[in-house]
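# Pasting the sequence and the predicted coordinates here, then a few questions.
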Amino acid sequence: MDVIIYGLINSSTLLLMSIGFALAYGVSRLPNFAHGALYILAGYLNWVLLNKIGLSFGVSIVLTIILTAAAGGLMYQLVLIRVRGMPVSEIIASLAIGLAIMEFIRWIGLIGPSFVLPIFAEGVMDIFGVPVDLQRIFILGAGVALVLILWLFTSYTKTGLCLKAIAQDERAALMLGMDSDRAAAAALALGSALIGLAAILIIPLGHIVVTAGYDVLLFALAVCLCGGLGSWSGAAVAAFVIGFAQTITVYYFAPHFSLLVALLAIIAILIAKPSGLFGKQKELEERV
Amino acid sequence: MKKRIFLLAVILMTLWASVVFAQPKTEVAKPIILGFPVPLGFEAGRSNQRGINLAVDEINSAGGVNVGGKKRPFKVNAVDSRDIEPGIPVSDVLLVIEKLILDAKVDFIIAGPARTEASLPTMDLQYKYKVISLNCMSLSPAVGAKVAKDYDKYKYFFSMTNKSNSLIMNDLSPSIQDIGKKFGINKAFIILQDVAHARIGGEIMEKVLKEGGWEIVGREIYPTGTTDFSSGLLKARAAGRSILFLWGEMPEFTILMKQWHDMKIPTLPIGMVVFFSDPGLWKATEGKCAYIMSDSVSAGNVPSKATPWTMKFVEAYKKRWGMEPEFHGTAESYMAPYVLKDAIERAGTLDTENLIKALEQTDLIGVYGRMRFDPKTHVLIYSIDPKEGAVGTVFQWQDGKRVAIYPPSIRMGEVKLPPWMK
């Protein structure tokens, strides 16, 4: 039962970390290597809004998500739009922005265990004899809710349908009058908002750590490559596959192999099915 | 018009010359430059920097260092060695050290590098350029062993801090044995970070505990970046009342701490976890670090009355920086300039060979006890009695404070068990 419950929680954590990356790539075909940096940026923004500006918990969360979305959108409009269509340049540019954000945060001294975010609810719940802290239950609930909300958004809203259309076939969408650049900016912004939400939910488990940005990027890449780059449902399924694989490894083998599981998953998928579980790419050049 | 401009220029130049050349020439003593290569992007590096800056300011305010009858100030040249960051190659760190020596022309190197993988090759650079260092951060016994193996080549290296085998044998193991006797506990669960020093530390501790009659009920190693320690904690819970031995420096141990507290696991965490020494941890975790024990390596990094100087240092640090001394290396980086000053004044010179001999003869009561170097390894001699050697500190978080528990000679309080363990 421990494995099932913590497997679901860890899968949900991976899903939260990766869905933004999948969404942004699916629409814009732009791999956002600043994804991990935006996670850390969101954490610090929330901390500043709560502790330095003194905003209430709810307001700071909403503002953090909005500001992180704005950061993602701005990053696209100011830098990434100029290299769109050049995959290597996209990776280099987004990675450079990500490194600059993380190093700037480290340089201004926002380091140490004092930089914590408040948890949503204090306490532990016993689920079939397994103690689980309430924050992790929030993470599990958020993961499920996110998948549902994204499905509703992309199925029943105009913006969501537009993003879905561009993800399916950009040229056809262009012919129908959809602005792909604007959609790409919206996707980056939405992806950034989602990673901001992930930061607000996950970071309170410990404290803000700058180097966690690299881990988030690695997990997002592992999940998206396994699920199929550009496939949102694939990312959701892959998150659960990798999450459970890691949890089983931790409980029945050894915890220090858990990171290896994510890396081996990438290798295995690239060998067995390079386009990923639900990916539709056929050309090698389309893959990151 | 042209005449007016010319006249104005002459007047200005005359004024400038009268200011510059009329002032009596004061001779400014050439500073003794202390190179300070530490990972400034990490809390431990910054706290070390606060330590050395406090010491240098105190020494300079008191007139400086007497070098053969002439007073000279210390000057710190701090650079970010980045050696704790993942992915930074040792060669990059060595470039930083070499730049300090060749460009900044430092006279001594203090505190860093932090990582032993970088400290060991730095000793070869020291030999090449004949530069003395007082390392305050590397915990591996390998540094002392290297000096002992080839003294003539590596005599330039001195260590101001304790070593991991000594931390285990003289600090952590006796503390755990005492806790076991006091509370009737004889089981231990071990959780380590997946890095070389933690694995080795864990192996040594496991062996020592087994020899002491303890039952090791589990051992798990977690990679950096882990967000869930439930597997280890649930296994520890199933094993019953025990000690939870921890070793590592990954920030994710705060997640473990919070899970341990929330799940009320009946274990007492004790070990070597850098982050647990942060004075702001209680407030940041809203008290979830209560009862956690850790080794702060040297007295002074946590308040105690090891020597008359210990609390003077703690109070001066608080007054200057608004917080208590934080991590391992802070008290060490504070004492290093004083040890150097003492050696320079006894030698009366900055000549390297004479200074090495003077440092080997160091014998003074510092912040964390009696400071003497082992003549073979050049490592500071540690003891459980501050009158005999430097002392470490195992502390416990109690009621918002870090309370020194071990060694008994500097104890400020007694160990307490979490209420769910009683």
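Arrived safely, thanks for sending. In this text the structure is predicted, and so the values were computed from the model without any measurement. Numbering: from 1, shown residues only, chains lettered A, B, ... in the order given.

# got the phi/psi numbers for the residue nearest the centre of chain B?
Closest to where the C-alpha atoms of chain B average out (Cα atoms, centre = their mean) is residue B:329, at 1.2 Å. Residue B:329 adopts backbone torsions of phi 100, psi -20, taken as degrees, to the nearest 10.

# these two touch, right, it and residue B:42?
No: shown here, residue B:329 and residue B:42 do not form a contact pair, counting by Cβ atoms under 8 Å, at 10.7 Å. Bear in mind the C-beta positions are built from the backbone N, C-alpha and C, glycine included.

# For the helix or strand residue B:144 falls within, buried residues please.
Using DSSP states H and E, residue B:144 maps to helix B:142-149. Across helix B:142-149, burial judged by 16 or more other Cβ atoms under 10 Å in any protein chain shown covers B:143, B:144, B:146, B:147.

# residues in contact with it?
For helix B:142-149, the external contacting residues (Cβ atoms under 8 Å, 6 or more residues apart in numbering or on different chains) are B:116, B:119-120, B:123, B:135, B:154-155, B:157, B:159, B:163, B:374, B:376-379.

# What about chain A: which of those touch it?
Among the contacts of helix B:142-149, proximity to chain A is found for none (Cβ under 8 Å from any Cβ of the partner chain).

# pLDDT score for the closest residue to residue A:213 other than its chain neighbours?
Excluding the flanking residues, the one nearest residue A:213 by Cβ to Cβ, 6 or more residues apart in numbering or on different chains is residue A:36, at 3.5 Å. Looking at residue A:36, its pLDDT is 94.

# quick check, residue A:36 in a strand?
No: assessed by DSSP: H, G, I helix; E, B strand; the rest coil, residue A:36 does not belong to a strand; its assignment is helix.

# give me phi/psi at residue B:365?
Backbone torsions of residue B:365, given as degrees, to the nearest 10, read phi -90, psi 110.

# pLDDT score for the residue nearest to residue A:133 when sequence neighbours are not counted?
Closest residue to residue A:133 apart from its sequence neighbours, by Cβ to Cβ, 6+ apart: residue B:262 at 4.5 Å. Here, the pLDDT recorded for residue B:262 equals 92.

# I'd like the next helix or strand past the helix or strand containing residue B:262.
Element membership of residue B:262 [criterion: DSSP H and E] is helix B:253-263. Remark: after helix B:253-263, the chain's next helix or strand is strand B:267-273, criterion DSSP H and E.

# buried set for that following strand?
Result for strand B:267-273 [16+ other Cβ under 10 Å]: buried residues B:267, B:268, B:269, B:270, B:271, B:272, B:273.

# What of stretch B:322-342?
Residues of stretch B:322-342 classed as buried: B:324-342 (neighbour count, 16+ other Cβ under 10 Å).

# Check stretch B:168-184 too.
Neighbour count says stretch B:168-184 has B:168, B:170, B:171, B:172, B:173, B:174, B:175, B:176, B:179, B:180, B:183 buried, by 16+ other Cβ under 10 Å.

# interface residues of the stretch 51-200 of chain B facing chain A?
When proximity is defined as Cβ under 8 Å from any Cβ, the stretch 51-200 of chain B approaches chain A at B:85, B:86, B:194.

# Apply 6 Å and report the result again.
Counting by Cβ under 6 Å from any Cβ of the partner chain, the stretch 51-200 of chain B comes close to chain A at residue B:194.

# Need the pLDDT of the residue of the stretch 51-200 of chain B found nearest chain A.
Closest residue of the stretch 51-200 of chain B to chain A, Cβ to the nearest Cβ: residue B:194 (4.3 Å). Confidence at residue B:194, expressed as pLDDT, is 92.
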